[in-house]
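Visitor: The sequence and its predicted three-dimensional model are supplied below.
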Amino acid sequence: MTAKIRLYVDQPLGQGQTVPLDRDQAHYLFSVMRLGPGDRVTLFNGRDGEWQAGVTDAGKRGGELTCLSQSRPLMMPPDLWLLFAPIKKARTDFIVEKAAEMGARRILPVQTEHTNSDRIRQDRLQAHAVEAAEQCGGTFVPEVADLVALSTLLSDWPEDRRLMLCDEAEAGAGRALSDAPRGPWAILIGPEGGFSAAERARLHALPFVHVVSLGPRILRADTAAVAAMTLWQQALGDWG
Ligand code: SAM
């Protein structure tokens, strides 16, 4: 039986491995959730799968868990990156949370010509990805990269990775992912202001770009991110 409380930890996990707890983790497990010695917790670290652990020391300022058995192996999502232009804080948080839940391997906030913000709190967004994995039973946590200019990313683009460009100018054009090959992919979602004419021209000319329409209506960027990941996962990912 797997324990209900699911916790992400940084430490390695393995048979008999002890996991020291910091003050916050101890407070959460022993004061908030009222666990004590002998109680069980489910652990994952994004690398070693999911483990059942027992409380072996419960203190006020720290404690210790000991791994008992692996309950699930590491399940990597498909090799999909989500590139998106950050929008308002709550909606950016939503995009990161949903990307982690829906199976992105990397999340890359990108600065486009019409992007509203020129800074992100990478540590806060990474914590959202961890929380999403904790909640949805994931054993993997996607890395949230620092903000990078879209033009820089495109200049250094990996040769074998295809890019699904969600282009609002194609809304209703019926362009889908049919017959697209499997392999490493990325999805690109533009900002609230959309792509500039120069960005659109550059993107459309790149050999690794597949232009896709997300239906006849213009979606908000957060809706578009979820819709695009659904399309991709259904056609080329691990949902089928
Ligand atoms: N300001 C733009 C306009 O009025 O045309 C809309 C930008 S939209 C809010 C944000 C992003 O979502 C777009 O850059 C695109 O990546 C994606 N998007 C929204 N609706 C789309 C659609 N119907 N087809 C393809 N992409 C779409």
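Guide: Yes, it's here.

Visitor: mind listing what E170 touches?
Guide: 211-213 (Cβ atoms under 8 Å, 6 or more residues apart in numbering). (Each C-beta comes from the backbone N, C-alpha and C, glycine too.)

Visitor: and which of those residues is nearest to the ligand?
Guide: Comparing these against the ligand with Cβ to the nearest ligand atom places S213 closest, at 4.5 Å.

Visitor: quick one: the closest one and A169 touch, right?
Guide: No. With contact defined as Cβ atoms under 8 Å, S213 does not reach A169; the gap is 9.1 Å.

Visitor: Between the two, tell me which one has more neighbours.
Guide: Neighbours per residue (other Cβ atoms under 10 Å) separate S213 from A169, with S213 holding more: 17 against 14.

Visitor: wait, what's in contact with the most centrally placed residue in the chain?
Guide: The centroid of the chain falls nearest to A100 when counting by Cα atoms, centre = their mean (2.9 Å). A100 is in contact with 107, 128-129, 132-133, 136, 138, 141-142, counting by Cβ under 8 Å, 6+ apart.

Visitor: same thing but at 10 Å, please
Guide: Applying Cβ atoms under 10 Å, 6 or more residues apart in numbering to A100 gives the contacts 77, 82, 107, 125-126, 128-136, 138, 140-142, 144.

Visitor: Run through who's touching stretch 57-70.
Guide: Under Cβ under 10 Å, 6+ apart, the answer for stretch 57-70 is 3, 7, 9, 11-27, 29-31, 35-41, 43, 48-56.

Visitor: 7 Å instead?
Guide: Stretch 57-70 has contacts (Cβ atoms under 7 Å, 6 or more residues apart in numbering) with 13-23, 26, 30, 35-37, 41, 43, 49-56.

Visitor: Beyond the helix or strand containing T152, next helix or strand please.
Guide: Secondary structure assignment for T152, by DSSP states H and E: helix 150-155. As assigned by DSSP H and E, the chain's next helix or strand after helix 150-155 is strand 162-166.

Visitor: What strands line up against that next one, and which way round?
Guide: The strands beside strand 162-166 in its sheet (DSSP bridges) come out as strand 185-189 (parallel), strand 209-212 (parallel).
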